[in-house]
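Colleague: Generate a structure from the sequence data that follows.
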Amino acid sequence: MSERLRANPAATHLGLMLALTFSTGVIDAVGYLGLDRVFTGNMTGNVVILGMALTGVDDLPVVGPVIALVAFMCGAAVGGRTLRTFDAGWSHKTTVLFTVVASVLTAAAIVVIVDEDPVHWLALTVTGALGAAMGLQAAVARHIAVKDVTTVVVTSTITGLAADSAAGGEGLNFWKRRMGAILLIGAGACVGALLLQWHLGAGMLLSAAITTVVVIVGHRSRPVV
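Modeller: Residues are numbered from 1 along each chain as shown. Model (predicted):
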């Protein structure tokens, strides 16, 4: 099994990052619908919400998006600094960092399972934890460097898909992964919204499980040193 994964690491990493893209869709649905309209993975959406909220329109949240944004940046900074001296691809540090992401998601799920209706400060703590986890995930995914799949946003992916569709050239070689990323983050949001009707922690547990599988498969695919 490990030999087959190592034989084509590019395909393995693509599949793993697409899985995390689906997971991000789940978490963003949980954050937006279950944690007072806050994105914990899509920081573009958070910045837009924050900008509108500062005008006082529609009682949009301010504190939640700020916490998520700052936490995301902190998580991304930790990931970037940890992997700075490593070559692109999967290493033992990658395994450790993605394990941290899975652990944070699991811990956040446990918190909201124990307290099904968390008080405001606890909900904000969960929001910050999810934001930090998604920032760390994004930084590690960036280091793995799968083209057109960042795991947390698809705006640039949509741009590439549309821009290259008429122009032709190399971009056409990536339409499947681009379309896959777009569909998967949407499907994840759909699943997250459905799970939210059952329990706030259900989507977090699903994302934690997906990340755990990614860790196991990715660790087996790393080069033998």
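Colleague: So which residues of the chain form helices?
Modeller: With helices called from DSSP state H, the chain shows them at 2-7, 9-34, 43-53, 63-83, 92-114, 120-144, 155-167, 175-196, 200-221.
Colleague: ok, now how distant is the residue nearest the centre of the chain from Val119?
Modeller: Centroid-nearest residue in the chain: Thr24, 3.7 Å away (criterion: Cα atoms, centre = their mean). From Thr24 over to Val119 the distance is 27 Å, taken as Cβ to Cβ, to the nearest Å. (Each C-beta comes from the backbone N, C-alpha and C, glycine too.)
Colleague: Tell me if I'm right that Ile158 and Ile182 touch.
Modeller: Yes - in this structure Ile158 lies within contact range of Ile182 using Cβ atoms under 8 Å: 6.1 Å.
Colleague: So which of those two has more stuff around it?
Modeller: Neighbour count, other Cβ atoms under 10 Å: between Ile158 and Ile182, Ile182 has more, with 17 against 14.
Colleague: The helices of the chain: lowest mean pLDDT?
Modeller: The minimum mean pLDDT among the helices of the chain belongs to helix 2-7 (a mean of 62).
Colleague: Now do the contacts for Gly75.
Modeller: Gly131, Ala132, Ala133, Met134, Gly135, Leu136, Gln137, Ala138, Ala139 (Cβ atoms under 8 Å, 6 or more residues apart in numbering).
Colleague: give me every residue that touches the third one.
Modeller: If a contact means Cβ under 8 Å, 6+ apart, then Ala133 has Thr40, Gly75, Val100, Val101, Val104, Leu105, Ala108 as its contacts.
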